[in-house]
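Undergrad: Provided below for reference: sequence and predicted model.
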Amino acid sequence: LCEELDGLIPEEERTALLFFDIPPVELSRGEFRNLIGPSKYHTYLNYFYGILVEGFLILAITEEIRKERRVLGLSSDDGILDEAHRRIYGADQFSLLKQFRKERRYPHLRSMSLRQFDEFTYWLFRCRIRRCDKSCVASDTKKGLSQLYELLRLKGRSHRPLGTRSLKSKL
């Protein structure tokens with residue numbers, strides 16, 4: 001959506017929308033959907049839940065593991081991200097990345113672009129949807145949303161992302 005409007009959106013507003021889900025003007029979910037159309041709104045929700053919230057779910061689980069380790073007197077973060085991936089997706093991050101690259105026929109490099117990282121995160125989201133029952137998916141999604149809201153609260157923002165009010169009430 002933003003690429004189609006290249007140069008027409010101030011960088012600060014674009015960053016706020018893409019990384020913090022804060023639109024430049026306050027719109028209801030319905031107004032936003034009507035303005036951009038159903039297809040782009042669906043794409044927006046895929047990005048929001050499949051990439052942004054999924055990343056915050058991984059962060060939330062990572063923080064849970066970190067707290068568990070502190071209670072045990074452990075201060076090392078070694079392997080914490082792999083443990084988070086195992087808890088959520090059933091395998092460590094490297095194995096999941098290897099499977100993702102094999103399915104997408106991407107080369108096995110030491111690094112990846114931000115776009116490929118987003119694709120990987122969305123792929124993880126789809127894996128979680130397929131792997132877990134609905135109640136677990138809802139619970140994990142709520143956990144990711146809570147982590148996102150906490151970050152926004154700490155940043156002094158009270159804004160709720162578009163399209164999440166109805167989901168939040170269902171969770």
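TA: Perfect, thanks for sending it.

Undergrad: on contacts alone, who are the packing partners of the helix ranked longest in the chain?
TA: Ranked by number of residues, the top helix in the chain under DSSP state H is helix 134-154. Other helices and strands packing on helix 134-154, by 3 or more CB pairs under 8 Å, 6 or more residues apart in numbering; DSSP states H and E, are helix 54-71, helix 114-131, helix 165-170. For every residue, glycine as well, the C-beta is placed using N, CA and C.

Undergrad: CA atoms only: put the first one into CSV for me.
TA: Right, the one you point to is helix 54-71. The C-alpha trace of helix 54-71 is given here as CSV (Å, rounded to 0.1, in the frame of the first residue of the first chain):
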residue,chain,number,x,y,z
GLU,A,54,3.8,-12.7,15.4
GLY,A,55,7.0,-10.9,16.1
PHE,A,56,5.6,-9.6,19.4
LEU,A,57,4.5,-13.2,20.3
ILE,A,58,8.1,-14.4,19.9
LEU,A,59,9.2,-11.5,22.0
ALA,A,60,6.6,-12.3,24.7
ILE,A,61,7.7,-15.9,24.9
THR,A,62,11.3,-14.9,24.9
GLU,A,63,10.6,-12.6,27.9
GLU,A,64,8.8,-15.5,29.7
ILE,A,65,11.8,-17.8,29.2
ARG,A,66,14.1,-15.0,30.4
LYS,A,67,12.0,-14.6,33.6
GLU,A,68,11.9,-18.4,34.2
ARG,A,69,15.7,-18.5,33.9
ARG,A,70,16.2,-15.5,36.3
VAL,A,71,14.0,-17.3,38.9
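
Undergrad: what's the angle from the helix or strand following that helix to helix 114-131?
TA: Secondary structure here is assigned by DSSP states H and E; on that basis, the next helix or strand after helix 54-71 toward the C-terminus is helix 80-89. With axes from the mean of the first three to the mean of the last three CA atoms, to 10 degrees as the criterion, the two stretches helix 80-89 and helix 114-131 enclose an angle of 40 degrees.
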